[in-house]
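Student: pasting a predicted model and its sequence here:
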Amino acid sequence: MSQMPKAKVSKQQYFEYVLGKHIKWMRSLGLNVDDKGDIIKSSNISNTEGYYPTADLSDIQPEKQPKLSNKICGNGGKKVDNSWKIEASKNYTIVPAYNKGPYMVVNKSDLKTAGRKV
């Protein structure tokens with residue numbers, strides 16, 4: 001049983017097909033799009049078209065403005081002291097487990113017998 005060969009589509013035809021799908025998707029989002037795929041900017045925006053204007057907060061008094069969290073970290077910008085972790089890690093080392101792929105953390109006092117039956 002022979003199958004029908006697939007119809008070859010030129011790059012221009014494929015581009016037009018994909019552009020049509022993209023324009024349809026953009027219009028489903030509520031954007032005003034022309035036939036070339038460019039967004040048409042308009043000064044008259046209504047909520048019925050799917051646009052939601054942002055609130056202008058410039059005329060609100062500073063004491064009535066919403067409080068913003070402009071902090072990058074919760075501790076006031078101070079660096080956390082992790083020196084205890086470095087000191088504790090000096091007592092341990094990482095070695096292959098039983099000459100296989102995974103690694104295990106071993107106390108330095110047990111390093112000579114690591115991976116062996118004792």
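Tutor: Thanks, I have it.
Student: if you average the pLDDT over whichever helix in the chain runs longest, what comes out?
Tutor: Among the segments of the chain that qualify as a helix by DSSP state H, the longest is helix 11-28. Helix 11-28 shows a mean pLDDT of 91.
Student: just stretch 78-97 next, same as before
Tutor: On average, stretch 78-97 scores 85.
Student: one more: stretch 106-115?
Tutor: Per-residue pLDDT over stretch 106-115 has a mean of 79.
Student: could you dump the longest helix of the chain to PDB, C-alpha only?
Tutor: Extracted in PDB, the C-alpha atoms of helix 11-28 (Å, rounded to 0.1, in the frame of the first residue of the first chain):
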ATOM      1  CA  LYS A  11       8.700  29.100   3.300                       C
ATOM      2  CA  GLN A  12       6.500  32.100   2.400                       C
ATOM      3  CA  GLN A  13       3.300  30.000   2.700                       C
ATOM      4  CA  TYR A  14       4.500  28.500   6.000                       C
ATOM      5  CA  PHE A  15       5.300  32.000   7.300                       C
ATOM      6  CA  GLU A  16       1.900  33.300   6.400                       C
ATOM      7  CA  TYR A  17       0.300  30.300   8.100                       C
ATOM      8  CA  VAL A  18       2.200  30.800  11.300                       C
ATOM      9  CA  LEU A  19       1.700  34.500  11.300                       C
ATOM     10  CA  GLY A  20      -2.000  34.000  10.900                       C
ATOM     11  CA  LYS A  21      -2.100  31.700  13.900                       C
ATOM     12  CA  HIS A  22       0.000  34.200  15.900                       C
ATOM     13  CA  ILE A  23      -2.300  37.100  15.100                       C
ATOM     14  CA  LYS A  24      -5.300  35.000  16.100                       C
ATOM     15  CA  TRP A  25      -3.600  34.200  19.400                       C
ATOM     16  CA  MET A  26      -2.700  37.900  20.000                       C
ATOM     17  CA  ARG A  27      -6.300  39.000  19.300                       C
ATOM     18  CA  SER A  28      -7.500  36.300  21.800                       C
END
